[in-house]
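Visitor: give the three-dimensional model of this entry:
(one chain, ligands or ions: 4)
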Amino acid sequence: MTGSSTSVAPTTSTQAPAERLRITEIFHSIQGEADAIGWRTVFVRLTGCPLRCVWCDTEYSFYGGDWRDIDDILAEVASHGARHVCVTGGEPLAQKRCLILLKRLCDAGHEVSLETSGALDVAQVDPRVRKVMDLKAPDSGEAKRNLWSNIEHLLPHDQVKIVIASRADYEWARDVVAEHRLVERCMVLFSPAHGAIKPRELAEWIIEDKLDVRFQLQLHKLLWNDEPGH
Ligand SMILES: C[S@@+](CC[C@H](N)C(=O)[O-])C[C@H]1O[C@@H](n2cnc3c(N)ncnc32)[C@H](O)[C@@H]1O
Ligand SMILES: Nc1nc2[nH]cc(C(=O)O)c2c(=O)[nH]1
Ligand code: SF4
Ligand SMILES: [Mg+2]
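Guide: Ligands and ions are numbered 1, 2, ... in the order given. Have a look, this model is predicted:
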């Protein structure tokens, strides 16, 4: 027999070490979306997403990133001295350890929001966290990924956000909000897909139909355009 061959399972570098998360960026900015808009906020952007929304403004978070210990993440967040923390991505819930991070951030006294696509189960998210759950309208190309059972887990302090890229998206969103009686459950935000429709158009549709939804503009894009890390 020429030489001995021992089969060793390859240690994949992508194996997630315990208590670590793959992070694209941590940055200190002004909250540009949803109910905490305008507050100084530390953003923790997790790497990776199972969806590919046509209009996604954060494709740079789909790959790469660095493995970071949760303790290190908490220390970096604390160094900015902000009450608000927003955990986002990519899709943060695609990393199961995100649930531990969310709990630890709440335990540290932060007011924590979670930006999630709603395509993954939100049932295990710490109830102290303000879930900002997107429902993907048809023009996102990902409407089939909406996990409708998530609606029952929405608490009064949570929010549903729908990005509107066309009049068809608007009518879809209007009908979904009515059918699921979402405004009776929590705040519903309609947000114009950046560059896809005139924000004023969406505002006028909401007024015309007398909808009880909250119009939002991505404030950070008015301040810093579409620059990553703001
Ligand atoms: C980048 S995603 C990350 C969190 C999660 N994957 C999600 O989809 O909510 C955060 C939010 O950015 C918003 N967003 C992304 N691209 C956008 C665009 N082109 N126009 C308006 N909002 C956008 C969506 O509302 C989305 O909820
Ligand atoms: N300033 C700022 N506010 C935000 N709110 C939600 C964001 C996100 O990417 O999830 C975001 C972001 O990327 N920047
Ligand atoms: S789910 Fe969020 S991060 Fe993923 S593609 Fe859609 S907008 Fe981008
Ligand atoms: Mg963003």
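Visitor: now for the residue lying closest to Asp169 once chain neighbours are set aside: which residues touch it?
Guide: Nearest residue to Asp169, sequence neighbours excluded (CB to CB, 6 or more residues apart in numbering): Ala137, at 3.9 Å. The C-beta positions use only the backbone N, C-alpha and C, and glycine is treated the same way. Applying CB atoms under 8 Å, 6 or more residues apart in numbering, we find Ala137 in contact with 143, 162-165, 169, 172-173.
Visitor: separation between Leu147 and Glu25?
Guide: 26 Å (CB to CB, to the nearest Å).
Visitor: Leu146: neighbour count?
Guide: Leu isn't right for residue 146; it's Asn. Asn146 has 19 neighbouring residues, counting by other CB atoms under 10 Å.
Visitor: from what I see, it and Ala119 are in contact.
Guide: Yes - between Asn146 and Ala119 there is a contact under CB atoms under 8 Å: 6.9 Å.
Visitor: quick one: mean pLDDT for stretch 201-210?
Guide: Across stretch 201-210, pLDDT averages out at 98.
Visitor: any idea how far stretch 179-186 is from the middle of the chain?
Guide: Mean-position distance between stretch 179-186 and its chain equals 20 Å (CA atoms, centre = their mean, to the nearest Å).
Visitor: that stretch: which residues count as buried?
Guide: 180, 182, 186 (16 or more other CB atoms under 10 Å).
Visitor: mind listing what the last one touches?
Guide: Under the criterion of CB under 8 Å, 6+ apart, the contact list for Cys186 reads 154-160.
Visitor: ok, those residues vs ligand 2, which is closest?
Guide: Of all the contacts of Cys186, ligand 2 sits closest to Gln159, with 11.4 Å by CB to the nearest ligand atom.
Visitor: could you check how far the closest one is from Ala196?
Guide: 21 Å.
Visitor: Val160 should be in a helix, yeah?
Guide: No - the assignment for Val160, made by DSSP: H, G, I helix; E, B strand; the rest coil, is strand rather than a helix.
Visitor: count of residues packed around it?
Guide: So Val160, with other CB under 10 Å, has 27 neighbours.
Visitor: how about Gly81?
Guide: Using other CB under 10 Å, Gly81 has 9 other residues around it.
Visitor: can you tell me the SS state at it?
Guide: Look at Gly81: counting by three-state DSSP, its state is coil.
Visitor: look up how far Arg40 lies from it.
Guide: For Gly81, the distance to Arg40 equals 9 Å [CB to CB].
Visitor: for Glu25, grab phi and psi.
Guide: When read as degrees, to the nearest 10, the backbone of Glu25 gives phi -160, psi 150.
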